[in-house]
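J.: the sequence and its predicted three-dimensional model are supplied below.
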Amino acid sequence: MRFNPRLLASARHIVVFTGAGVSAESGIATFRDKLTGLWERFDPAELASAEGFRRDPALIWGWYEMRRAGIAQAQPNPAHLAIAELAQRVPKLTLVTQNVDDLHERAGSADVLHLHGQLDAARCFDCARPAGAVLELPEGAGDGKRIEPPLCSACGGPLRPGVVWFGENLPEQALSQAFLAAADCDLLLSIGTSGVVQPAAMIPGVALEAGARVVHINPQVTGAGHAREFALAGKAGELLPQLLREAFG
C-alpha cells in the first residue's frame, strides 16, 4: 500500500526520528565511514569510549574536534529544512535525533531531543560540569591532528565531547520524552536510520504498538512489515520536500 501524503496534513501529533543518513546528505561522514589519516588504524569504537580517552585524551579530543570542524562547514540540507517547515504546519511535532550535530537547529527546528548527546556540549571528564558556552574551534582543528583538551574551570580535569560513548547510558530525560512522544503520536517518520542501535531503535515500534502509522525513509527499502508501516526508498532531501508539497499544496 502506498503512503498517502495527506496524512501529514491531518495528523494530530507527528514524531520525526532521524539518524545519520540525514546528516550524511549534508556531507557529514557517518560514524562507521572509513577513517583516514592519523585515525586510519583505529576502530571508531575505540575512539568513542571513556577507556580510549583515559589512555590518550589528545588523540580522542583531536578526532572529535576534526568532526566538529567538518560539521561547522556543513549546511542543513532540504531534509532538515522540510522537517522545520513541517513543524510549522501541524498541531504538534516532536523531533528526536540520533545525530550529534546542530543541523536541525540551524535549519530552524526547536526543542530537538538529542538521544546521543551533542558534539558542541563539552563537559568535564572528571566532574561532569558543563563547559558552558560552545568552545571555539582551535586553528587547524580540521587538519586531523592530536589536540590537548581544554581544562575544566571548576576542577581542572580535561573536557570531553558531549556525546554518548560506548558503555554509557543515553540521556534519561531525552529518551523518556522520546518514548512518551512515540506512544502519543499518530504518525511517525523514521528518516535515515538503520533502526538497529538500541534502545533508540525501539521508538518506531512503540509508535506502532500505540496505533500510529510509521513511515521509513531510507535510500533502500526497509522496515515495512506491518499494515500501518510504509517504506519510501530514496534520499530524504528529495522525498521530504515532495511529501510536503503533496500534503499541503
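T.: Now that the structure is in, tell me what you want to look at. Residues are numbered from 1 along each chain as shown.
J.: only C-alpha atoms from now on, for both contacts and neighbour counts.
T.: Fine.
J.: flag the shaky bits of this protein, pLDDT-wise.
T.: Filtered on pLDDT under 70, the chain yields the residue ranges 1, 31-41, 222-224.
J.: beta partners of the closest residue to F3 other than its chain neighbours?
T.: Of all residues not flanking F3 in the chain, F230 sits nearest, at 6.3 Å (CA to CA, 6 or more residues apart in numbering). Counting by DSSP bridges, F230 is bridged to V215.
J.: my read is that F230 contacts A212, right?
T.: No. With contacts counted by CA atoms under 8 Å, F230 stays clear of A212, the gap being 11.5 Å.
J.: so which of these two has more stuff around it?
T.: Higher neighbour count among F230 and A212: A212, with 24 against 21, using other CA atoms under 10 Å.
J.: can you tell me the element the residue nearest the centre of the chain falls in?
T.: Against the mean C-alpha coordinate of the chain, by CA atoms, centre = their mean, the closest residue is N99 at 1.6 Å. According to DSSP states H and E, N99 maps onto no helix or strand at all.
J.: that one contacts S23, correct?
T.: Yes. N99 is in contact with S23 according to CA under 8 Å; the separation is 7.4 Å.
J.: buried set for stretch 173-190?
T.: Going by neighbour count (16 or more other CA atoms under 10 Å), the buried part of stretch 173-190 is 174-175, 178-179, 181-190.
J.: out of those, which sit inside strands?
T.: If you go by DSSP state E, those have 187-190 in strands.
J.: relative to N169, which of these is nearest.
T.: Of all these, S190 has the smallest distance to N169: 21.9 Å, by CA to CA.
J.: and that closest one, what is it in contact with?
T.: 16-18, 204, 214-217 (CA atoms under 8 Å, 6 or more residues apart in numbering).
J.: again with L86
T.: Each residue near L86 by CA under 8 Å, 6+ apart is listed here: 93, 244.
J.: now the helix or strand hosting it: buried residues?
T.: Per DSSP H and E: L86 is located in helix 78-89. Within helix 78-89, the residues that count as buried by 16+ other CA under 10 Å are 78-87.
J.: may I see the residues you listed organised as a markdown table, with distance to R67 added?
T.: Listed next are these as a markdown table, based on distance: CA to CA, whole Å:
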| residue | distance to R67 |
| --- | --- |
| P78 | 22 |
| A79 | 21 |
| H80 | 19 |
| L81 | 22 |
| A82 | 25 |
| I83 | 24 |
| A84 | 24 |
| E85 | 27 |
| L86 | 29 |
| A87 | 28 |
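J.: which one of those residues is nearest A247?
T.: Nearest to A247 among these: L86, at 10.1 Å, using CA to CA.
J.: mind listing the strands for this protein?
T.: 14-18, 93-97, 113-114, 123-124, 159-160, 187-191, 213-218, 229-233.
J.: relative to I60, which of those strands is closest?
T.: strand 159-160 (8.7 Å).
J.: show me what the closest one is in contact with.
T.: By CA under 8 Å, 6+ apart, the list of residues contacting strand 159-160 reads 61, 122-125, 131, 149-152.
J.: can I see the domain layout of this structure?
T.: What automatic domain parsing lists as the domains of the chain is 1-27+75-118+169-249, 29-73+120-160.
J.: right, so those domains: which one is the most enclosed?
T.: Compared across the domains of the chain, domain 1-27+75-118+169-249 shows the largest average neighbour count, a mean of 19 (mean count of other CA atoms under 10 Å).
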